[in-house]
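Enquirer: Provided below are the primary sequence and the corresponding predicted coordinates.
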Amino acid sequence: MSPFDLKKISYLIPLLIIGLWGARCATSKGELKTYPLTEINLEKVFQENRGLKVLQENATMIHDFYRGGVQEKEEGEIMLKESKWEEARNHLEKSNQFLRVVVRYLPNDEAYRNVYGDTMVIFVPNLLIADNDLKLITVYRNLKSDNNLASARSEGQFSLAASLRSVKTEWAYQIQKGFEDEISRK
């Protein structure tokens, strides 16, 4: 290569970097798309995270904590349907513990995220926390644990707002309606 060719390349590299950075910025500042409930829903999240049970002491990666949170949530949902309030509370609270670790490191929900390998998953930890908290309000009410109602309501609304800043879903709007109904019930 001649010195002239090297000089051309040295000018092209910064332009290429700036161009790629600009393209990335342009795509991240667009309007948020609203995803239909059929595309992003709780049952799909459950299906994607079934398999070997993740124990809190064995979770080492963010996707372990996410998967563990989803698995605990699924168990909590089953207990709710059976009106086993104490068991539901344990699973939903444990789910929130897992998911709060995820949110500490990856604070934004994403419609689809490559979490491990080539596997894309629906990644909505904030929305799952909000959904858990909405359901915990019912659990606390049935357990006559009114002192926990206010914190579940405020934490759930905070998590829901964080989710809606990143990804808009019909599922999130259903949860939002649930919180509004809960507030009007007070």
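Expert: Received the coordinates, thanks.

Enquirer: next SSE downstream of the lengthiest strand in the chain?
Expert: Within the chain, and with DSSP state E defining each element, the longest strand by residue count is strand 110-116. Using DSSP states H and E, the helix or strand that directly follows strand 110-116 along the chain is strand 119-123.

Enquirer: quick one on the thing from earlier: now the longest strand of the chain: average pLDDT?
Expert: For strand 110-116, mean pLDDT is 84.

Enquirer: next: stretch 72-79.
Expert: Stretch 72-79 comes out at a mean pLDDT of 98.

Enquirer: using PDB, list the CA coordinates for that stretch.
Expert: The C-alpha trace of stretch 72-79 is given here as PDB (Å, rounded to 0.1, in the frame of the first residue of the first chain):
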ATOM      1  CA  GLU A  72     -41.700 -18.200  39.900                       C
ATOM      2  CA  LYS A  73     -44.400 -16.000  38.400                       C
ATOM      3  CA  GLU A  74     -45.900 -19.000  36.500                       C
ATOM      4  CA  GLU A  75     -46.000 -20.900  39.800                       C
ATOM      5  CA  GLY A  76     -47.600 -17.900  41.500                       C
ATOM      6  CA  GLU A  77     -50.200 -17.700  38.800                       C
ATOM      7  CA  ILE A  78     -51.100 -21.400  39.300                       C
ATOM      8  CA  MET A  79     -51.500 -20.800  43.000                       C
END
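
Enquirer: need the residues that contact the longest strand of the chain.
Expert: For strand 110-116, contacts defined as C-beta atoms under 8 Å, 6 or more residues apart in numbering pick out 33, 35, 39-40, 61-63, 66, 120-124, 166-167, 169. For every residue, glycine as well, the C-beta is placed using N, CA and C.

Enquirer: can you show me the CA trace of it as PDB?
Expert: Extracted C-alpha coordinates of strand 110-116, given in PDB (Å, rounded to 0.1, in the frame of the first residue of the first chain):
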ATOM      1  CA  GLU A 110     -37.500  -4.900  25.000                       C
ATOM      2  CA  ALA A 111     -40.000  -6.500  22.800                       C
ATOM      3  CA  TYR A 112     -37.400  -9.000  21.800                       C
ATOM      4  CA  ARG A 113     -33.900  -9.400  23.200                       C
ATOM      5  CA  ASN A 114     -31.100 -11.800  22.400                       C
ATOM      6  CA  VAL A 115     -30.500 -13.100  25.900                       C
ATOM      7  CA  TYR A 116     -28.600 -16.300  25.300                       C
END
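
Enquirer: just for the protein, where's the confidence low?
Expert: For the chain, the stretches with pLDDT under 70 are 1-32, 37, 186.

Enquirer: what segments of it are strands?
Expert: Along the chain, counting by DSSP E, strands occupy 34-35, 110-116, 119-123, 168-169.

Enquirer: which strands and helices lie in contact with the first one?
Expert: Think strand 34-35. strand 168-169 (3 or more C-beta pairs under 8 Å, 6 or more residues apart in numbering; DSSP states H and E).
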